[in-house]
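> curious how this folds, go ahead:
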Amino acid sequence: MPLIPSPRLFQVARERRFAVGFFESWDIASTQGVIDAAEEAEAPVIIGFNGDFMSGDERVAGERVQLYGALGRAAAETARVPCGLIFNECPKDQWVRTAVDAGFNIVMPADPNASRVDYQRRVMALTAYAHAKGVAVEAGLEELPCGASGTVIGEPRETDVQQAVEFVRNTGVDLLGVSVGNVHIRLAGEQALNLDRLGALAMAVKAGLVLHGGTGIPLADLRQAVALGVVKVNFGTYIKQAWLKVAREALAQDVSNPHRLLGMGGPEDLLVRGRKAVKEAVLARLESLGCMGMARQFGQ
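Below is the predicted model:
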């Protein structure tokens with residue numbers, strides 16, 4: 001199917017009370033694993049890539065945003081379910097503009113080092129640029145605590161309802177990532193959400209609400225968050241952990257022919273194993289989002 005326009009994707013999600021999962025990919029095999037799961041579950045899905053990682057100064061090989069945009073569009077057009085395509089969490093405005101021009105239909109500028117005034121100004125400009133080309137914009141007001149070190153670091157500042165209302169009104173963003181107890185890159189364990197705060201935000205904010213850090217959110221809380229009106233949930237850490245587990249197992253095999261490990265597509269193939277692991281990880285989360293079977297709501 002062609003990429004689904006973001007307003008329609010999230011309008012249907014709101015009306016039918018489900019959330020669309022963004023399951024972060026990093027290559028063609030992981031992208032296919034996400035779509036494999038969505039097709040099996042007949043669920044709309046968001047595919048895409050991490051703009052912060054791709055644009056990072058420490059990256060040892062430069063990336064071509066246009067290549068990832070073409071990959072994502074081709075994946076969506078060959079999928080049997082509705083797909084959105086996001087360039088997620090990028091602190092560099094020119095990269096965000098390039099992603100808009102490269103065919104992503106959702107972009108997210110995110111710069112935790114910017115002041116609130118500066119961030120709002122930049123988001124306003126990027127939203128105007130993106131909307132002129134039919135691309136939706138997601139933003140977020142608070143930097144989430146981070147668990148990448150194995151310990152959750154950072155002061156958990158929950159999203160203020162009035163500040164969220166004003167930010168959405170001033171910038172015109174389509175989606176707002178909120179902080180209500182969720183944690184970025186949580187490697188183990190779970191943390192409950194502040195559902196009262198989330199409910200207040202859902203009542204007041206016109207933009208669709210997004211939960212980042214889906215890996216560490218209890219499934220029961222995910223279901224309640226969706227019932228309150230969350231329309232998008234992000235998963236990244238959990239997907240890569242599943243892929244790495246089977247990759248290590250594949251590399252431990254006593255296989256001398258490199259083609260059997262890479263490219264032939266048999267049971268020993270590292271990429272096939274990883275793709276299947278991504279598929280199973282995605283399937284395990286779709287039910288909690290209430291989106292299984294909802295691809296039928298979009299027709300053909």
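
> ok, which stretches of the chain are strands?
Assigned by DSSP state E, the strands in the chain fall at 20-23, 45-50, 83-90, 106-109, 136-140, 175-177, 208-211, 230-235.

> just the ones you listed: most buried one?
The highest mean neighbour count among these, using mean count of other CB atoms under 10 Å, belongs to strand 106-109: a mean of 28. In this view, the C-beta of every residue, glycine as well, is placed from N, C-alpha and C.

> mean confidence score for it?
The average pLDDT within strand 106-109 is 98.

> packing partners for it?
Judged by 3 or more CB pairs under 8 Å, 6 or more residues apart in numbering; DSSP states H and E, strand 106-109 is in contact with strand 83-90, helix 93-101, helix 116-131, strand 136-140, strand 175-177.

> in JSON lines: the ones you listed, plus distance to Val168 and mean pLDDT.
Below are these laid out as JSON lines (distance: least, CB to CB, whole Å; pLDDT from 0 to 100):
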{"stretch": "strand 83-90", "distance to Val168": "18", "mean pLDDT": "98"}
{"stretch": "helix 93-101", "distance to Val168": "18", "mean pLDDT": "98"}
{"stretch": "helix 116-131", "distance to Val168": "10", "mean pLDDT": "98"}
{"stretch": "strand 136-140", "distance to Val168": "8", "mean pLDDT": "97"}
{"stretch": "strand 175-177", "distance to Val168": "6", "mean pLDDT": "98"}
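
> what's the closest of those to Leu271?
strand 83-90 (20.9 Å; CB to CB).

> can I get that closest one in CSV? Just the C-alpha atoms.
Extracted C-alpha coordinates of strand 83-90, given in CSV (Å, rounded to 0.1, in the frame of the first residue of the first chain):
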residue,chain,number,x,y,z
CYS,A,83,2.3,2.1,7.1
GLY,A,84,3.7,5.4,8.3
LEU,A,85,7.4,6.2,7.9
ILE,A,86,9.2,8.2,10.6
PHE,A,87,12.6,9.9,10.9
ASN,A,88,12.7,9.8,14.7
GLU,A,89,14.3,12.1,17.3
CYS,A,90,16.9,14.1,15.4
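
> and that strand, which strands flank it?
strand 45-50 (parallel), strand 106-109 (parallel) (DSSP bridges).

> how close does the spatially most distant residue from the centre of the chain get to Glu268?
In the chain, the residue that sits farthest from the middle, by CA atoms, centre = their mean, is Ser256; the gap is 37.3 Å. As for Ser256, its distance to Glu268 is 11 Å (criterion: CB to CB, to the nearest Å).

> about what we covered before: and Leu244, which of the strands paired with strand 83-90 is closest to it?
strand 45-50 (15.9 Å).
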